[in-house]
Every structure is written in structure tokens, then in C-alpha cells.
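Asker: what follows is a predicted structure for the sequence shown.
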Amino acid sequence: MLIAVLSGFGLAVIAPWLNRIARGATGWIIALLPLGLVIYFATLIGPIVNGKVITESHAWVPTLDINLSFYVDGLSLLFALIITGVGMLIVIYGSGYLAGHPQIGRFYAYLLMFMASMLGVVLADNVITLFIFWELTSVSSFLLIGYYHEKADSRAAALQALLVTGIGGLALLAGLVLMGRVTGTWEISELLNQGEILRNHPLYWLILTLILAGAFTKSAQFPFHFWLPGAMAAPAPVSAYLHSATMVKAGIYLIARLSPALGGTEMWLYTVTGFGTVTMVLAAYIAWQETDLKRILAYSTVSALGTLMMLLGLGDHIAVEAAIVYLIVHSLYKGSLFMVVGAVDHESGTRFITELGGLRRAMPLIAIAAGLAALSMSGIPLFFGFIGKELIYEATLEAHLLSYWAYIITGAAVVANALTIVAAGLVAIKPFFGQQVETPEQPHRAPLSMWLGPMILAGLGLVFGLISSDAIKTALPLNIDDAVSAVVSGILAESAHVSLHLFPSEISIIVILSVITIAGGVGFYLLRDTLYRFIRPLNIITKWGPERWYDWILDGMMMVARLQTRVLQSGYLRYYLLIIILMTVGLAGTTLVTQSKIGLEIFRQIPNVRVYELFIYITIVAAIVVTVTTSSRLTAVAALGVVGYGMALIFTLFGAPDLAMTQFSIETLSVILLVLVLYKLPRFSVFSSTKQHLRDVIVALAGGSLMTVLILIVTALDSQSRLTPYFAENSLALARGHNVVNVILVDFRGFDTMGEITVLGIAALGVYGLLKLRLEKIHRSDEEQEAQAHQRQSTDHFLQADK
Amino acid sequence: MTSLILSTATRYMLPLLLLFSVFLLLQGHHEPGGGFVGGLVAAAAFALYAFAFNVVNARQALRVDPRTLIGIGLLLAVGSGLISLFDNLPFMTGLWSSQAIPVLGKVGTPMLFDVGVYLVVVGVTLTIIFSLAESD
């Protein structure tokens, strides 16, 4: 299992190199991995259908209870099969769609990385593991949406998707952690038995809100739906894979997975069903007004996700069954249609329905795939989509809601489904039938790699429909009823049995609703242009929708960032120092005054000062006075050096030879550095007013006094330290060194030292960059400036001793 | 501003100071010293050389670019921590030889780490000093 999940990451690393060797055949070679995974997961179908659950656990961060643990039941397996199966077709399709693109190696790498992450999400048992894979899908989605990175709108769309799903991801993490704290377990399989505890906990509402925020952003529910149409900037195979068949269903998966733990409450029912219904209708309403084929599909995907969310919110037996069937239906037809649209765009150069028509002659196989997929999407009998739609109506009518709500939801579902039929028609009829229209490129037949995927997926929509018929069902070794039952049992966390029927046994209200839906959809499609003219004026409202809110928030954030940067990052060293010292004095001083129990007794140590110590102190103070009052920078630096050397002497006297030695060397080098820098400054002059001087004096005195008091306190408390005896005792025993200071540096606190030398290295490179880049600029500027620079060099450069 | 006394003295001081810095580095585990102060002394030696002659000569005397020293030092420091992983011990566990080696005494991974610190300090200090001295 671990290998199955992680192999994708491994292959992702070598995919770009593989592409250099295998060239055009790369897609077919890489597709072998998902093919192998499909076969592996297919072998698990048997045991899972018989009610087995497969678990596997590897320690990862045992101290934090984070394990690479996996849990496979019907639900996980269904998702795993969709991910790997569609993934295989997408890799092949992508090799045709992006053939000749210079960065196609990267495409394979991102796609495999996504596939592996997504597998991780649906198979993970540990909630933190799930979260990490969840975020990895967001990252790979970001990379794939921004695949055409040279286009600005591509980058903006990628960022938008990342920000929306990323914020949701953070909410999810908070929710998962809370859930773990409340139940005391981090494994989903154990969480599912703790539903009672969770639902009765006072923080239940918060946990649910946070987790729903994660699921809603990922699955593009209103009001977060806008990132999905934006994500259409990605290449078509990415849209087909991530943004219809798999990633956007991660939120659906999460809700389905956690429904035994969190579901069944009023809040769950009304929130999940409510947002789902709104999303379903709103997106279906927008979809038919678009003219870009990909955006039509994107909105109809959002609508389908809303439908799934609504069904999971209802959460009873029949609703879950409907959700599962509809999920399979949708993955098949939507994946297929996205690939069809990609092929149309690829071969004809446009994907606007106003510029397309009559392509059936030029691309017959693509047209057939589109037709099959659209029929399933419209829910025409014989297709799996028909069964899905029947089940939806059954679920909404039987919903355990106040009576009229059930009717409202059913009505909403009928409207959404009818509008979905319009969208299906727009994608499958408009481009392929009617008059042949001049397209930007001469349309030609799509290669095998590009029609294979859509054809298989669309064909499966019909196959699944047919094997659900009572006649064929019994003849097959694996009964589709049992397979769906296994998934439903996985979601409900109790054994369930369902029975699918291709043909309804009687003319019930459900059949009548189906007829109304199809008739309404066809009528709507025919009257589309007329209706659109009436509706267009109303669309001003959508301009003020959530996408605009996103822009406002983003702009606002940038403005605040600029503002605070301007205030805090003034660029003047004096202000930085002022702020740092004042903050330290303010924070430490306040704590000292309010919290400390130490009185004036700390000053009692002062009288034991020896004469030679006093001599050093006087020297230091005198040097400080010189530093502050002198009008020569060189004198100031030299005087500062005296201060440093004085301190080093004190270290020597108090038995800290290491410190003293380091202080001596540092002081020497600092003087050298300061001299080198100061030499390049203009003539010394006083700019500050007396007021500013006074301010600086006060701040300096405050800072100095604070440090003095702090040191006096520390020395007064010295005897209480537990560290000194520990290091003294263990230095030789544990680290085999007599020099405690050095042992602390390289062994006990070696990790700190590692960090410090890294920082030092980066700082040096920073200084180097600042100085050298500036130099290059001077060299590149005009000759006059260069001459000036030369002049300065010859007059100022005191280092050139051999001149 | 050439000083014959300074340049002549520096010729003899440089190797002595470098020797002293290595001495500080090696004895650091038991007596006062260590990689940090050793590195500072070595850097000061080359800074002196740059003052007595010029930066170009000092760079030639150093032979390697100080930036390379930063890289090598960091690699050594990280590498010394990685060794214990092969023994199934946590990162940066100190390992020591059981036999004493002449002059060095018992050697261990913390010493290697200290050599890394030494090189980073030399590299950082000289990168900054040389760049400042060359800039104009």
C-alpha cells in the first residue's frame, strides 16, 4: 500500500529525464504505473466487496502520533480506482495534447505528484497524514493550473486556486486537530466510532465549521466556487483530471468519510444540504450562459459537486447510494467531455461555441465520445446517468426534512438537471452538428492518444448502465449491486445493501420527474438564445459576486502589507535601533516592575569591587564618553574598540578565557570592518537637532539601565541555576571534553551552532551580493560615472599600499 | 602607504598566526579555544596580510575563494551530524574513536563539526572584509 501511494512521487522525480530519452513515447511508458496501480486496486475489489477492510501502518513521527497509516474500504477503493484509472487515460491523453511542448516533462512530473497525493488523501487513515496529502494536492494543482506560466492570467488563476484551497486547508487542519483533541485519537477508523462524543461536545459546531470550510473550498461550493472556472486556465488534461474527476471531489470524499463521526445532526443536515443545493442551482444557472466550452463544463462541474454535497448532507441510506452512483457517473462523463473539449480546442484552435460547428466530419470519433458522454450527463435511459438521476429524485423526495423543504430541494434538483442537459447539448451538439464553421485552424482528426481516453470513459457510462439491468446483473461474476453496497457501507460505517435498476418497475412520481427534466432540458436548449436575451440584464448581479470579494480581500491585504512595510521598514538604522531598544525596555521593563520580587538588595554586590577592576571600568566609561562626543569617526571606532577590549579584560578576570579570547578577536575584526566601511562615507557632520539628541540619550540610558539591572538580578540568582552543574558534570562524561564552553557549542547545543553558522554564511553572501551587484551597476553605467569612480578609488583607497 | 616593517613582519606572522589558529581549533575541546575563535584568528591573519600588501595578494595567499570555504564548512558541519545516522543514532550524536591518534588525541564527530565552524567563520569574515576592501 505504501509503495502504491509513494511510487507516483518516485516516478515524478525521474519523469523529466525519462522524457528526454523516450520523447514521444513517454506518455505511454508513464501510463504503465497507473495501469499497474489500477490492476493492484482491482485485485482488492473482491475482498472489499466481501466486507473486508484493509489496514496498514508505518511509524512516521511516533512522538506526535503521526503515522503513515492506510485504511481501505469500499469508499477509499472507489476513489483509488477513479484516481488511477482516469489518471492512466489522462497521462496518455496529455502526451498527445501537449506533444511538442518544451516543458512536457514537467507536466508528467506534476501530474504524477498529484496522482500520488490524491491517492494519499483517499487512503490515509491518520488525519495528519490525510492533511499533508490534502495540501500536496493543492500544491500540485497550483503547479498544474499555472502550467502555462508565461501567461499572466494563468498565474493569477493558479494563485487564486491556491489561496482559496490553502485557506480552507488551514481551517481543515484546525478542525482535524480539534477533533483529535476531543476524541483522543488520530486515526479516522477509530474516530468513526466516536460520533456520540463528537456530536455532544460543546465545540462540535466549531469542528464542523472548520472541516466544512476545508471541504467547501476544495470542492468549490458556494461562495468559494469561483476558483474552479478560473482554474480552466490549465491545460485540458489537467481540467479533466483534477478539476472534474478527482481533486475537487476530495471535499466530497472528506464529508463522506467523516459523516459517521460528524453527520446526523440538524446543523450538518441544514449546512451541508443547504450549501450543496445553492451551489447546484446557481452553478447550473451560470453554466448555460457561458460560451467558452471549458467554462460551461466548469460550472456544470460545480453544479454536480453541489448535488453530491446536498446528497451527503441528507445522509440517509438512499441519498448516499445516489451520491455514489452520481459520483461515478459524473467522473466518467465529465472527464470524457473535458478531454473532448481539449481535443476540439487542440485541433480547431478555438473553444468558443460561437466559433464552432459541423466538426463531426472532421473528428468523428471525438464526436461519438462527446455524444455518449452527453447522453449519460443528460440522464437518458440505458446510460448510468439515468440511474443516478432517478436515485437523486428518490433521495430528495424521501429526505427527512420538514415536508416543504423536501419539495423545494426536489424542485431545485429538477431545475439543475434540466440546465445540465442544456450544458450537455452545448458541449456535444453545438460544436459537432449544424453548419461547418470556419475555425482558426483547419480541423483534423485527433490522434489515437487523444480519442482513446474520452471514448473509454464515455463508453463506460453506457457499460455501467447496461450491467445494472436485472438481466445482465446476475450473469456477471461481480455484481454491481454488491460493489455499490460496499461503498455505501463504507460511508455509513454499517453494512448496507442496495439494488440498482436500469428500468423502473412502475410509473412512479420519480419517472414523471425524469420525463419533466428531459423535456424541460430539451425545450430550454432550443429556446436558449431567446431566453438569454431576457436574462442578460440581470447578470449585473453576478459582477458583485464572491469573485469580486476575493479581489477586494486580496487588494486590501496588499495595501495593508505595503502600509505596514512603509511604517516599520523605514530604511533608517536609527529608527530600527530605536524601535528595538524601546520594545525591549517596554516589554522586559514592564515585566520586571510588575512581576519581579527583587528589591534593592541586588545593589549590595557592588561594594566588592577590587581596585584593578575599578580601573578597567573607568577606562571603559572614558572610552564611551569619547565615542559619543568625538567628531571623528575613526576616533569613535577606536574608542569603541577600547570598550570591547575592556570587556574582554573583565571576562579574563572573571575566569572566562574562551569568551575573552573570542571578544578580543571579534573586537579586532569589527574595528577593521568599521574602518573599511567608514572610509567610504562622506565627511562627518551633525544633522540631528538637540531634541533628537536628547531623545537618543534618554533611550540609550533606559536601555543601558535595563541591562544593568537585569545582569545584577541574574548574578544575584546565580546559585539557583540548574544548567551550570549539569554541564559541568556531564561535559566529560557525555561529550568527552574538558572545555565546557566548547562542548556546549559543538555538542550539547550543536544544533544552535549549526543554525548560527548557516545564518553567518547567508549574511556573508548577502553582503557580498550587495557590494558586488552595486559594483556591476557602476561598471555598466556611462563612462563619466566610471571615471568618477576611478578617481575616488585612486584618492581614497588606503589599502593599496604598494602604490 | 607601504610599510616595510609591517610587510616584512606579516610574512612571518601569517604562518605563525595560522598555526596558532589551528592550535586553538584542535585544543578547543579540552582547553580554551575552539573553531569559532580559531577561525577569527585565521581571518585576522589574512586581514593583516591584506593591510600589509593588498587584497589581490591576500586572495592569492588564501588560494581559495572565501565563499567556497563557507560552503565546505557548512557541508562538513552537516556531514559530521549525518555520520551518526549510519549507526542508527539521532542526527548529531557525538561519536568518538576508541583509539587515540598521535597529536590529535581522540577524534570524534564534534571535532569535525568544529572544523566546519572554523571554515565557515574564516569564509564569512574574509568574504565581508575582502568585498568591502575591493568595493568602490
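Answerer: Received it, and whenever you're ready, just let me know what you need. Numbers count the residues shown, from 1 in each chain, chains lettered A, B, ... in the order given.

Asker: closest residue of the stretch 1-150 of chain A to chain B?
Answerer: When scored by C-beta to the nearest C-beta, the stretch 1-150 of chain A has residue A:63 as its residue closest to chain B, at 12.0 Å. All C-beta spots, glycine's among them, are computed from the backbone N, C-alpha and C.

Asker: quick check: that residue vs residue A:388, distance?
Answerer: Computed with C-beta to C-beta, to the nearest Å, the distance linking residue A:63 and residue A:388 is 46 Å.

Asker: so which of those two has more stuff around it?
Answerer: residue A:388 (30 against 6; other C-beta atoms under 10 Å in any protein chain shown).

Asker: now residue A:381, what's its secondary structure?
Answerer: Under DSSP: H, G, I helix; E, B strand; the rest coil, residue A:381 falls in the coil class.

Asker: any chance you could list what contacts the helix or strand harbouring residue A:514?
Answerer: Using DSSP states H and E, residue A:514 maps to helix A:509-526. Applying C-beta atoms under 8 Å, 6 or more residues apart in numbering or on different chains, the contact partners of helix A:509-526 are A:288, A:378-380, A:386, A:389-390, A:393-394, A:397, A:410, A:414, A:417-422, A:424-426, A:429, A:504, A:531.

Asker: in strands, which of these fall?
Answerer: Of the positions in those, not one sits in strands, assigned by DSSP state E.

Asker: got the end-to-end distance for stretch B:21-34?
Answerer: This stretch, stretch B:21-34, spans 9 Å end to end (C-alpha to C-alpha, to the nearest Å).

Asker: that stretch near chain A at all?
Answerer: Yes - Stretch B:21-34 reaches chain A (C-beta under 8 Å from any C-beta of the partner chain) through B:24, B:28, B:29, B:30, B:31, B:32, B:33, B:34.

Asker: can you give me the neighbour number for residue 13?
Answerer: I went with chain A, as the question did not name one. Counted with other C-beta under 10 Å, residue A:13 comes out at 11.

Asker: hm, I was asking about chain B
Answerer: 16.

Asker: residue of chain B closest to chain A, please.
Answerer: Residue nearest to chain A within chain B: residue B:40 (3.6 Å; C-beta to the nearest C-beta).

Asker: so that residue sits right up against residue A:669, yeah?
Answerer: Yes - using C-beta atoms under 8 Å, residue B:40 is in contact with residue A:669, at 6.3 Å.

Asker: pull up the overlap in contacts between those two.
Answerer: Residues touching both residue B:40 and residue A:669 by C-beta under 8 Å, 6+ apart: residue B:125.

Asker: tell me which of those two has more neighbours.
Answerer: residue B:40 (25 against 19).

Asker: next up, the contacts around that one.
Answerer: A:662, A:665, A:666, A:669, B:121, B:125.

Asker: tell me where the stretch 451-600 of chain A has helices.
Answerer: A:470-473, A:480-492, A:509-526, A:528-535, A:540-543, A:546-568, A:573-595 (DSSP state H, counting those that start in this stretch).

Asker: ok, residue A:767 - contacts?
Answerer: By C-beta under 8 Å, 6+ apart, the contact list for residue A:767 reads B:127, B:128, B:131, B:132.

Asker: how about residue A:647: what's its closest non-neighbour residue?
Answerer: The shortest distance from residue A:647 to any non-neighbouring residue, by C-beta to C-beta, 6 or more residues apart in numbering or on different chains, is to residue A:663 (6.0 Å).

Asker: number of nearby residues for that neighbour?
Answerer: Look at residue A:663: counted by other C-beta under 10 Å, it has 21 neighbours.

Asker: packing partners of the host helix or strand of it?
Answerer: In the assignment (DSSP H and E), residue A:663 maps to helix A:657-678. Under the contact definition 3 or more C-beta pairs under 8 Å, 6 or more residues apart in numbering or on different chains; DSSP states H and E, helix A:657-678 sits against helix A:633-653, helix A:740-743, helix B:35-52, helix B:109-134.

Asker: rerun at 10 Å
Answerer: Judged by 3 or more C-beta pairs under 10 Å, 6 or more residues apart in numbering or on different chains; DSSP states H and E, the packing partners of helix A:657-678 are helix A:633-653, helix A:740-743, helix B:4-27, helix B:35-52, helix B:109-134.

Asker: among these, which is nearest residue A:456?
Answerer: helix B:109-134 (57.3 Å; C-beta to C-beta).

Asker: packing partners for the closest one?
Answerer: Helix B:109-134 sits against helix A:657-678, helix A:740-743, helix A:750-780, helix B:4-27, helix B:35-52, helix B:55-62, helix B:66-86, with contacts defined as 3+ C-beta pairs under 10 Å, 6+ apart.

Asker: output the contacts of residue B:40 as TSV; include the columns pLDDT and distance to residue B:71.
Answerer: Rendered in TSV, the data for those read as follows (pLDDT from 0 to 100; distance: C-beta to C-beta, whole Å):
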residue	pLDDT	distance to residue B:71
A:662	89	24
A:665	90	23
A:666	90	23
A:669	89	21
B:121	94	14
B:125	94	15
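
Asker: which one (most neighbours) among those?
Answerer: Busiest of the contacts of residue B:40 [other C-beta under 10 Å] is residue B:121, holding 29 neighbours.

Asker: pretty sure it is touching residue B:70, no?
Answerer: Yes - using C-beta atoms under 10 Å, residue B:121 makes contact with residue B:70 at a distance of 9.3 Å.

Asker: quickly list what's touching both of these two.
Answerer: A:757, A:760, A:761, A:764 (C-beta atoms under 10 Å, 6 or more residues apart in numbering or on different chains).
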